[in-house]
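Trainee: sequence? don't have it. structure:
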């Protein structure tokens, strides 16, 4: 009987000691999962389409000499006409994320094939403008430099953007009947304007992301054709003028973002604190 009591007490003591020892065992630390951040620099490419509006007005000179007194400078030769076409190019920029806010800058540049034309309106024809003439605006390239302010929800980001825009245009007026009289070589004009817009971007795996954005660019008025005598190949009836231009641009693109945390240190996790 004494042996049974002694064995029971020993088993009870052993059972009580096991939880205590288990409680004293070290617990392995499990690091929290990294939180995605937009911080870093990137390069990429885009493609899209633009819908522009242009209008040409009379500048007051014909072959470098004052025109008829009844035709006032600033007269609308054409009504508004469409200047539409595809665009494409490349971009690069940098972002810095603080909390859910993303601050960034971006520059881009590329080609444009937007073009449009119109004949003189009824008022211009009544004042003597040739109804066979066509007035054209062609855009050759487009570049912008913009700031961006975004709001991120993990891998999604929505942003507003704005800054400066530059573009190259060919402005012309030619005889739509194909007759040589009144033909001229296009005047090339490079113009600075401004741009604003909105967009969204989604981060894929491996540093890649896709984006879609909508921009509005305004280039004001562009003057052309002031040379006297032979005006860009035209020897008779060539007017100088101004062409107004603004446009809406929609484009999609893909970026590759470089991880600042891994530069010179080996690969490090991408972490942002909220």
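Mentor: Yep, it's here. Because the structure is predicted, anything quoted here is derived from the model rather than measured. Numbers count the residues shown, from 1 in each chain.

Trainee: in the host helix or strand of residue 257, what counts as buried?
Mentor: Per DSSP states H and E: residue 257 is located in strand 239-258. Neighbour counts over strand 239-258 (16 or more other C-beta atoms under 10 Å) mark 239-247, 249, 251, 253-255, 257 as buried. Placement of C-beta: from N, CA and C, glycine included.

Trainee: name the helices or strands packed onto that strand?
Mentor: For strand 239-258, the contact count by 3 or more C-beta pairs under 8 Å, 6 or more residues apart in numbering; DSSP states H and E identifies strand 40-62, strand 81-98, strand 133-153, strand 156-175, strand 187-203, strand 208-224 as packing neighbours.

Trainee: Could you dump the ones you listed into TSV and include mean pLDDT and distance to residue 73?
Mentor: Listed next are the helices and strands packed on strand 239-258 as TSV, based on pLDDT from 0 to 100; distance: least, C-beta to C-beta, whole Å:
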stretch	mean pLDDT	distance to residue 73
strand 40-62	94	3
strand 81-98	97	21
strand 133-153	96	16
strand 156-175	94	16
strand 187-203	96	18
strand 208-224	95	11
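
Trainee: okay if I get those strands as TSV plus distance to residue 114 and mean neighbour count?
Mentor: Below are the helices and strands packed on strand 239-258 laid out as TSV (distance: least, C-beta to C-beta, whole Å; neighbours: other C-beta atoms under 10 Å):
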stretch	distance to residue 114	mean neighbour count
strand 40-62	5	19
strand 81-98	4	18
strand 133-153	4	19
strand 156-175	9	20
strand 187-203	14	17
strand 208-224	11	18
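
Trainee: can you put these in TSV and add distance to residue 72?
Mentor: Shown next, in TSV, are the helices and strands packed on strand 239-258 (distance: least, C-beta to C-beta, whole Å):
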stretch	distance to residue 72
strand 40-62	8
strand 81-98	21
strand 133-153	18
strand 156-175	18
strand 187-203	22
strand 208-224	16
